[in-house]
Each structure stands twice: as structure tokens, then as C-alpha cells.
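Visitor: Generate a structure from the sequence data that follows.
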Amino acid sequence: MIQEAGPPPLRVERALRLLPDVDALAPLRAFLVSNSRVLPSAEPYHTVGKRYLPSRDLKWLVSKAVAQVVGHLAVLYQAAVEALECEERGDLTGAVRAFVRAGEREEGVGREGQAYEWYDHALRLAEELRDRRPEIDTLRHLGRLQATRGAFEEAARFHQRSLALAEAELDHGSAALACQGLGEVAQLQETWQGAVSWYTRGLKYAENDRQLTAYLYLGLGDVARSRGEQDVAADWLRRSLELFQELGRAEGIVRSLNAWGLLEALRQRYAEALAYYREALARLPGAGRDAGLEMAIRLNICQLFLDSGRLPDAEDEIRRAEELAIARNLTRPLARLYVVMGKVRGRMGDDSGFVFFEKAVELCRGMEESPRLEAEIYLEYGRFRRELGDWEESRAYLERAREILETLGDGSAVSRVDSELGQQHFSG
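Guide: Below you'll find the model as predicted:
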């Protein structure tokens with residue numbers, strides 16, 4: 001007996017085109033993407049939009065999405081109710097903490113714009129308190145969030161306010177955390193001496209907090225590596241790893257191992273670097289399976305294979321990391337993966353790699369826009385076109401990167417793009 005074939009699978013890009021791009025459906029759109037699959041016969045240039053959703057499973061997927069959204073909303077509503085109860089008892093500090101927890105929940109699922117609103121509301125309440133500690137903590141949350149979103153100047157302002165309040169309150173632990181945040185922002189801006197100054201200042205405040213001291217050592221090691229000071233970096237990273245091991249802090253150990261991998265890659269000791277990355281991944285279960293941290297390590301492995309000329313291995317690793325990024329709705333890491341895939345294709349002399357750059361740009365323009373990352377992608381896209389000899393297109397993408405960075409007011413990044421444009425003019 002011949003069985004009737006079921007309905008054909010639905011492409012993700014078509015499903016998303018059919019659904020209106022409104023806030024109410026954002027969780028459903030994300031859920032459908034995270035549950036999509038690759039067909040065995042998929043073309044080599046497929047991206048997330050070319051994945052498929054089994055039509056017969058759509059109702060089941062929607063019901064699961066609804067259950068997930070209901071659970072998420074329940075947590076947010078509980079936080080709001082708790083805040084109201086705290087207000088009724090005259091416990092405004094408790095209300096601030098409840099709103100901060102709601103922000104953390106939103107941030108954890110990638111709804112950064114909503115997280116900002118929760119944190120900002122918590123901050124306005126905290127400013128009414130005599131106790132400055134809730135305000136210090138909320139400012140730190142806002143600083144970290146804005147750094148993640150690429151709003152570096154605003155992130156620095158939040159951390160600066162947090163530091164000033166902590167110093168006024170003689171709260172050395174919070175002051176050290178604020179210095180760490182400022183060091184991380186300076187590092188993201190590639191202002192290395194500023195980062196060193198903040199991390200060093202943080203060490204003076206950290207006092208007997210050995211875990212925070214280890215993280216500050218790690219920051220100093222990362223900065224030294226970025227400056228090419230390999231021996232200095234090795235010393236700081238060794239101290240960081242040893243301290244995390246003494247404390248039994250799994251996440252710190254994983255981050256230190258990842259940093260060691262980056263240092264060995266800089267030394268072009270690729271086998272040693274890969275060993276550090278693999279060990280970091282092996283220890284992840286003990287660190288709580290942080291998907292963002294896992295993606296950072298896997299991205300480093302992809303870049304390592306690219307730098308060492310192991311292009312098929314790079315592509316295989318990218319595809320494995322892509323599954324994790326899609327399943328966990330990690331949009332920015334997914335965009336970065338596609339950039340690496342585009343560079344792999346470029347090394348192969350394959351101009352069809354533009355598909356991956358285009359998809360990376362599209363991801364940056366989604367519900368949580370990432371203009372800074374978009375500029376970084378255009379910069380790499382310009383380099384990709386230049387390597388293929390497409391001078392005019394290369395210049396167009398570099399100028400688009402410059403335009404975005406000018407809008408963000410990032411003069412140092414604009415200067416780096418100008419340098420690229422100057423090199424192209426000389427080469428062309």
C-alpha cells in the first residue's frame with residue numbers, strides 16, 4: 001500500500017516572511033528558528049534561513065512556544081507582584097531587586113531592549129533610596145548590558161557612576177567590580193592602557209576577594225596578549241588560572257583556559273591552543289553550561305582552524321557551532337560565525353561566500369539591532385571583496401562601516417577603517 005506523502009517542509013525564511021515582524025510574535029519567531037533543521041541534501045551555502053520546519057509539526061511547535069512564553073511571562077509577572085508587595089511593606093530596596101531579577105531574566109533570553117527597560121526602572125527607584133547599594137548594583141547591570149550591546153560610551157558612564165557611589169560609600173568590593181567593568185569596556189574599545197589602569201585600580205579595591213582578584217588578573221592577561229606582550233600575558237594568565245583552581249571556580253577555570261588558547265594561537269602554537277580550547281569545552285558542564293561562553297570558545301576554535309589553514313576543519317567546526325547558536329537563539333555569535341564562514345570561502349577563492357556576509361548583516365538588523373557588529377561585518381566584507389579583487393565593492397562596504405561608526409561616535413574605530421581605505425587606495 002502506497003502511503004500519501006506528508007506536506008512539504010517549510011523553509012525558515014518563508015515562515016518568517018509569512019509571520020508579521022511584531023513584538024507579540026517575536027518569541028514564536030525565535031522558537032521556530034531554534035527548532036529548525038537542515039536537510040541531509042542541504043546546499044553548501046545554506047544559512048539559518050535555508051533550514052526547514054516540518055509542516056506536520058508546526059502546531060506542536062506553536063504549542064511548545066506558547067508554553068515557553070507563558071513560563072517566561074509568569075516569572076516577569078511574579079517579579080512585578082513581588083515589587084508591589086515590597087512597596088506596600090515600605091521595602092523599596094526589595095522592589096528594586098525584584099525589577100533587576102526581571103531584567104536578568106529578559107537579558108538571559110536575548111531580549112536586551114526589554115532588559116534595559118527593567119533595569120532603567122529599577123535605577124529610577126533606587127535613586128530614591130538612602131542606601132546606595134541597590135543603585136550601585138543596578139548601574140553595574142546597565143553597564144554590562146550596554147557593553148554587550150556595543151554602546152560603549154554609555155556603558156562606561158554607568159560604570160563610572162557606580163564607581164563614584166561605591167567610593168563615596170567606602171564599598172571596596174563594588175568599587176572593584178566597577179573598575180573591572182570599566183576595564184572591560186576600555187578593552188572592547190581597544191584602549192589598552194586605559195584597560196590596564198582600570199584593572200590595576202580594581203586590584204587595590206579587591207583586597208581579600210580572591211575570586212575577583214583572579215578575574216582582574218585574567219583581564220590584565222587579555223590586555224597584555226592584545227598588546228603583543230606575550231610573556232607578561234602568560235604571567236597574568238598563570239596567576240589567574242592557579243587562583244581559580246585553588247578556589248575551585250569552574251567558570252573562571254574555563255575562561256582562563258580559553259584565554260590561554262588565544263595566547264598560544266598568537267604564538268602560532270596551534271596544537272597547544274587547540275588543546276586549551278578542548279579542555280575548556282570539557283570543563284564547561286561544571287561551569288553551568290553557559291551557552292554564551294561555549295560559543296565564544298567555539299568561535300575561537302573556528303578562527304584557529306582558519307588561521308592555521310585547516311579550512312575543511314574550520315567549516316566543520318562552524319557548522320557544529322551554528323547548531324548551538326540557532327538552538328539557543330544566540331544571534332550575535334551566529335552572525336560572527338557566518339563572517340568566519342565567509343572568510344573561509346574567501347581563502348578558497350570562492351566569491352559565493354558573500355552569502356554568509358549578507359546573512360550576518362541581516363541578523364544584525366533583527367529585533368535586537370547591533371549597529372556596531374554590523375559595522376564590524378561590513379569591515380570584514382570589504383576585506384573579503386578586496387581579496388577577490390573587487391575593489392569598488394570593497395570600498396563601498398568599508399565606507400558603509402565607516403558611516404555606521406561615525407554615527408556611533410567611535411573616532412578610534414573610524415580611524416581604523418580609514419587606515420583600511422588608505423591601504424586599498426595604495427593597493428588599487
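Visitor: For residue 372, see how far away residue 330 is.
Guide: Here the criterion is Cβ to Cβ, to the nearest Å. By it, residue 330 lies 17 Å from residue 372. All C-beta spots, glycine's among them, are computed from the backbone N, C-alpha and C.
Visitor: Centre of the chain to the longest helix seen in the chain, how far?
Guide: When the chain is scanned for its longest helix (criterion: DSSP state H), the result is helix 58-88. Helix 58-88 sits 25 Å away from the centroid of its parent chain (Cα atoms, centre = their mean, to the nearest Å).
Visitor: Check which element follows it along the chain.
Guide: Next along the chain after helix 58-88, taking DSSP states H and E as the criterion, comes helix 92-108.
Visitor: Could you measure from residue 385 over to residue 393?
Guide: Distance, residue 385 to residue 393, using Cβ to Cβ: 4 Å.
Visitor: Count the neighbours of residue 89 for me.
Guide: 10 (other Cβ atoms under 10 Å).
Visitor: any idea how far residue 82 is from it?
Guide: 11 Å.
Visitor: Same check on residue 173?
Guide: In terms of Cβ to Cβ, residue 173 sits 26 Å off from residue 82.
Visitor: repeat for residue 13
Guide: 41 Å.
Visitor: again with residue 26
Guide: 25 Å.
Visitor: same thing with residue 75?
Guide: 11 Å.
Visitor: who has more neighbours, the two?
Guide: The neighbour comparison of residue 75 against residue 82 (other Cβ under 10 Å) goes to residue 82, with 18 against 13.
Visitor: I'd like to know how far that one sits from residue 236.
Guide: From residue 82 to residue 236 the distance is 42 Å (Cβ to Cβ).
Visitor: Residue 407 now?
Guide: 36 Å.
Visitor: Pick out whichever of these two has more residues nearby.
Guide: residue 236 (24 against 10).
Visitor: nearest spatial neighbour of the more buried one, skipping sequence neighbours?
Guide: residue 221 (3.4 Å; Cβ to Cβ, 6 or more residues apart in numbering).
Visitor: Neighbours of that neighbour, how many?
Guide: Applying other Cβ under 10 Å, I find that residue 221 has 27 neighbouring residues.
Visitor: likewise residue 124?
Guide: Neighbour number of residue 124 under other Cβ under 10 Å is 12.
Visitor: got the buried residues for the one helix or strand it maps to?
Guide: Here residue 124 sits within helix 112-126, counting by DSSP H and E. Of the residues in helix 112-126, 112, 114-116, 118-119, 121-123, 125-126 count as buried by neighbour count, 16 or more other Cβ atoms under 10 Å.
Visitor: what's that helix in contact with?
Guide: 92, 95-97, 99-100, 102-104, 106-107, 134-135, 138-139, 141-142, 145-146, 148-149, 367-368 (Cβ atoms under 8 Å, 6 or more residues apart in numbering).
Visitor: Let me see the contact set for the nearest residue to residue 62 once chain neighbours are set aside.
Guide: Leaving aside its chain neighbours, residue 62 sits nearest to residue 28 (6.8 Å; criterion: Cβ to Cβ, 6+ apart). Shown in contact with residue 28 (Cβ under 8 Å, 6+ apart): 19, 62, 65, 69.
Visitor: what angle sits between the one helix or strand residue 336 maps to and helix 112-126?
Guide: Assigned by DSSP H and E, residue 336 falls within helix 331-347. Orientation check (axes from the mean of the first three to the mean of the last three Cα atoms, to 10 degrees): helix 331-347 against helix 112-126 gives 140 degrees.
Visitor: gap between helix 331-347 and the chain center?
Guide: Worked out by Cα atoms, centre = their mean, helix 331-347 lies 14 Å from the chain centre.
Visitor: Next: stretch 25-41.
Guide: 20 Å.
Visitor: got the buried residues for it?
Guide: Those would be 26-36, for stretch 25-41 by 16+ other Cβ under 10 Å.
Visitor: what does stretch 164-176 give?
Guide: 165-166, 171-172, 174-176.
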